[in-house]
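Fold the following for me, if possible:
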Amino acid sequence: MPLFNIAGHTLEFSGFENDFFNHRFEGYKAKDKTPAQLTVEMVDEIFLPQGEQISVADNFRYYYKQSEGYGIYDLLKKPDTYCASVWFDSEIKNAKTALLDISRFGGMNLDVRGFNMLGELFRYFILKNNGIVLHSSCIKYRNSGIAFSAPSGTGKSTHTALWKKYFPEDVTILNDDSPAINFGEFSAEVYGTPWSGKTEINVNEGAPLEAIVFLQQSPENEIVEISSDEAVFRILQEVTRPAFPEFMDITLKAVEKLVMQTPTYLLKCNISKEAVLTVKDKIGL
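Here you go, the predicted structure:
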């Protein structure tokens, strides 16, 4: 079965082979046969909910705690049928999923849904493996990682594109939406992942995370380091909040660790080279 290396972790996916999947994961094929830390199998039959219902999202996605792990189920109301089911064990080492084609009912393309479901699984997996996914556009400047985060529409991609424009030889955009962060004992590293929002801007590379910079549109350029409390508050707005309480606890601890290990700034900026230089000078790159 195909092996992939994502953010330093080896994952095995079976049954997802299609043109969309192959294109998005091409750069993440594992170069060696390291044993998989997570195996995900696509099966043919939808399996029905079991265990205790924990929560419901958008009146469509149902989350269940089960005796041997966790379940996620999508319920299509018209017709009244489950159109997706996911199970993963408590340690998130094994998972299986099944999807029905609902495009004729106005649903998303089946291949895209499978890709997105793997993205949700990966978010749980990395939490269990001393990491987290941060909604941000992240660059590598030489060998320094910088994550630019803010609510959608603020201009993250626009700002990282400026770095690439003015320092084309020194800048790689690691991921334009959902980079993964792994924690070491004293510092963090950031990596590209296949899941990069509406774009395909991502690479299978990583770098030490030197800073997290929150963006705010402004006519003038100014950057200030923010307090730990403000950093925790802002980061919590830009990470997915898990449906299962035990994973929410892990998320909170991961955010606290991220703030302890990484300087965090607020950048008020316009669209200019000066905005880039303001960050670069402040961080000392």
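
Moving C-terminal from the strand or helix carrying residue 246, which element do we reach first?
Under the criterion of DSSP states H and E, residue 246 resides in helix 245-261. Sequence-wise, the next helix or strand downstream of helix 245-261 (DSSP H and E) is strand 264-269.

Counting neighbours, what do you get for residue 94?
By the criterion of other Cβ atoms under 10 Å, residue 94 has 15 neighbours. For every residue, glycine as well, the C-beta is placed using N, CA and C.

So for it, what's the nearest residue that isn't a sequence neighbour?
Nearest residue to residue 94 in three dimensions, chain neighbours excluded: residue 39, at 5.4 Å (Cβ to Cβ, 6 or more residues apart in numbering).

What of residue 101?
Sequence neighbours aside, residue 110 is the residue nearest to residue 101 in space, at 4.7 Å (criterion: Cβ to Cβ, 6+ apart).

Contacts only, for that neighbour.
99, 101-103 (Cβ atoms under 8 Å, 6 or more residues apart in numbering).

cool, and residue 59?
Contacts for residue 59 (Cβ under 8 Å, 6+ apart) come out as residue 77.

Buried residues, the longest helix belonging to the chain. List them.
Using DSSP state H, we find that the single longest helix of the chain is helix 110-128. Using 16 or more other Cβ atoms under 10 Å as the test for burial, helix 110-128 gives 110-111, 113-115, 117-128.

ok, now stretch 225-237?
226, 231-232, 234-235.

Which of the residues you listed sits closest to residue 202?
Closest approach between those and residue 202, by Cβ to Cβ: residue 235, at 20.7 Å.

Can you tell me which helices and strands the helix or strand hosting the closest one packs against?
Following DSSP H and E, one finds residue 235 within helix 228-236. If contacts are counted by 3 or more Cβ pairs under 8 Å, 6 or more residues apart in numbering; DSSP states H and E, helix 228-236 sits against strand 206-217, helix 245-261, strand 264-269.

Mind exporting the C-alpha coordinates of the longest one to CSV?
What follows is helix 245-261 as a C-alpha-only set of coordinates in CSV (Å, rounded to 0.1, in the frame of the first residue of the first chain):
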residue,chain,number,x,y,z
PRO,A,245,-13.3,16.7,24.8
GLU,A,246,-10.0,14.8,25.3
PHE,A,247,-8.6,16.1,22.1
MET,A,248,-9.7,19.7,23.1
ASP,A,249,-7.5,19.2,26.2
ILE,A,250,-4.6,18.2,24.0
THR,A,251,-5.2,21.2,21.7
LEU,A,252,-5.1,23.6,24.7
LYS,A,253,-1.8,22.1,25.9
ALA,A,254,-0.4,22.2,22.4
VAL,A,255,-1.3,25.9,22.0
GLU,A,256,0.3,26.7,25.4
LYS,A,257,3.5,24.9,24.3
LEU,A,258,3.5,26.7,21.0
VAL,A,259,3.4,30.1,22.7
MET,A,260,6.2,29.1,25.1
GLN,A,261,8.5,28.0,22.3
